[in-house]
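**Q** heads up, no residue letters with this:
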């Protein structure tokens, strides 16, 4: 085997590898001999099948296997002998091969850069923290009481208001035709909840019990029922009763409904939960500061192929957001500007990912199986009733499992760096802590 480095360009390397016809022939003959000793064919005793018969039946498959193994083994050897760490799978291109001749192929690879982490003890970071107020706890308790509300008849002489429940009989027609599924009896409709076609509930605000109303609406163009897409529809509605939501009383009994000993214990649990949320936001803020400082302090070439893959993922998500109308300010930018902006983001993410990976490698930071298992359990809990399918999916999908492992590793490396940095806490308002929460929550070197 002859390996020649033909090109060097930054992190890119190209090699030409020649595997001699003699080596290929020896490996083919060796595998054919193994088959001859073990294969069983009608009319021949085990181990007595003539070589000519073996070649006739198996030569093509054996040759393909030998060539594939030869390329795989020689490419690994070429990299190992030179101590090269590749960023992505090598690209192999067979340049020349004829039966009985040498195999010549080209191998193109991108290498991982040499990364030298800086001195983290000199990093100065400010961690915003917010206190949990009694008002925040009271608001949370009130929300729980509202969620635990009961319905009671509206006894006062008044018209329906947003938030009331109107018990209705209704029947709808399109061009005078009644369609299946467009009628109902004793249906409790909460006004303002947005459960019916847009415009329906608003036209019942102000109605009284016992009143009849004609409601005119137009179904959305993207409505799933073909006959109703964009259809002007008339509903005849009889309001039989008005009800209102009555929040549960805030007392020890309410706390017991949620499995707490008393209202005081429930407030303590809520306070701890809110504090956990604030602590999580504080960590996200200081992590974003850290990543910004690391990005500023480290500059090295990154593999273009890794940037391409990262950019393609970002671009696909952006296209989906543009399609759904959720792209915000990006919707007003040109495609060229968007590509330049997000390619820069992709390069930053790759560079930070390589830096954190090197810090983790040098400090032997590992993700334990227990940590992966906990992440897997949390993921399965997001799909009640489908836990087994989730576990099977991750069991059979190594890349999906790696996607669970990566953020755990990143957080452990970030913690390692934060332990060395000078982190000063600064008390801020809840509003300041929670502003741009989505932006802070999406910050990740491995995203």
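**A** The structure has been received and is ready for your questions. This one's a predicted model, so the numbers in the text were calculated from it and none came from an experiment.
**Q** can you give me phi and psi for residue 88?
**A** phi -140, psi 170 (degrees, to the nearest 10).
**Q** so what's it scoring on pLDDT?
**A** Each residue has a pLDDT score; the one for residue 88 is 93.
**Q** same deal with residue 435?
**A** At residue 435, pLDDT is 84.
**Q** do the same with residue 445
**A** 61.
**Q** what sits closest to residue 97 if chain neighbours are left out?
**A** residue 103 (4.7 Å; CB to CB, 6 or more residues apart in numbering). Glycine gets a C-beta too; all of them are placed from N, C-alpha and C.
**Q** can you report how many residues lie near that neighbour?
**A** Residue 103 has 22 neighbours, counted by other CB atoms under 10 Å.
**Q** wait, doesn't it sit right on residue 66?
**A** No: if you go by CB atoms under 8 Å, residue 103 and residue 66 don't touch, sitting 9.6 Å apart.
**Q** what touches both of those two?
**A** Residues touching both residue 103 and residue 66 (CB atoms under 8 Å, 6 or more residues apart in numbering): residue 24.
**Q** immediately after the helix or strand hosting residue 278, which helix or strand?
**A** Here residue 278, judged by DSSP states H and E, is contained in helix 263-297. Per DSSP H and E, the first helix or strand lying C-terminal to helix 263-297 is helix 304-324.
**Q** how about the residue of the chain most remote from its centre, what does it touch?
**A** In the chain, counting by CA atoms, centre = their mean, residue 43 sits farthest out from the average C-alpha position, at 58.8 Å. By CB under 8 Å, 6+ apart, residue 43 lies in contact with nothing.
**Q** how about it, phi and psi?
**A** phi 90, psi 0.
**Q** now do the strands in the stretch 101-250 of the chain.
**A** 103-110, 124-129, 150-153, 165-174, 177-190, 212-218, 232-246 (DSSP state E, counting those that start in this stretch).
**Q** can I get those strands in TSV including distance to residue 314 and mean pLDDT?
**A** TSV is the format used below for the strands of the stretch 101-250 of the chain (distance: least, CB to CB, whole Å; pLDDT from 0 to 100):
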stretch	distance to residue 314	mean pLDDT
strand 103-110	19	96
strand 124-129	26	96
strand 150-153	47	90
strand 165-174	44	95
strand 177-190	40	91
strand 212-218	38	95
strand 232-246	42	94
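**Q** tally of neighbours for residue 93?
**A** 9.
**Q** distance from the chain centre to the helix holding residue 278, please.
**A** 21 Å (CA atoms, centre = their mean, to the nearest Å).
**Q** tell me the angle that helix makes with strand 124-129.
**A** Here helix 263-297 points in a direction 160 degrees away from that of strand 124-129 (axes from the mean of the first three to the mean of the last three CA atoms, to 10 degrees).
**Q** check which residues of helix 263-297 are buried.
**A** 263, 266-267, 270-271, 274, 278, 281-291, 293-295 (16 or more other CB atoms under 10 Å).
**Q** one more: stretch 142-153?
**A** Neighbour-count burial for stretch 142-153 [16+ other CB under 10 Å]: 144, 145.
**Q** look up how far residue 361 lies from residue 89.
**A** According to CB to CB, to the nearest Å, residue 89 stands 20 Å off from residue 361.
**Q** output the below-cut-off pLDDT ranges for the stretch 301-447 of the chain.
**A** For the stretch 301-447 of the chain, residues meeting the criterion pLDDT under 70 lie at 436-447.
**Q** for it, what spans make up the helices?
**A** Remark: helices assigned in the stretch 301-447 of the chain by DSSP state H, counting those that start in this stretch are 304-324, 335-362, 369-381, 387-396, 398-420, 430-434, 437-441.
**Q** residue 11 contacts residue 110, doesn't it?
**A** Yes: the pair residue 11 / residue 110 is scored as a contact, 5.2 Å apart, by CB under 8 Å.
**Q** give me the common contacts of those two.
**A** Counting by CB under 8 Å, 6+ apart, the residues touching both residue 11 and residue 110 are 87, 303, 304.
**Q** does the first one touch residue 79 like I think?
**A** Translated: residue 87. No: Residue 87 lies out of contact with residue 79 (CB under 8 Å); the separation is 11.7 Å.
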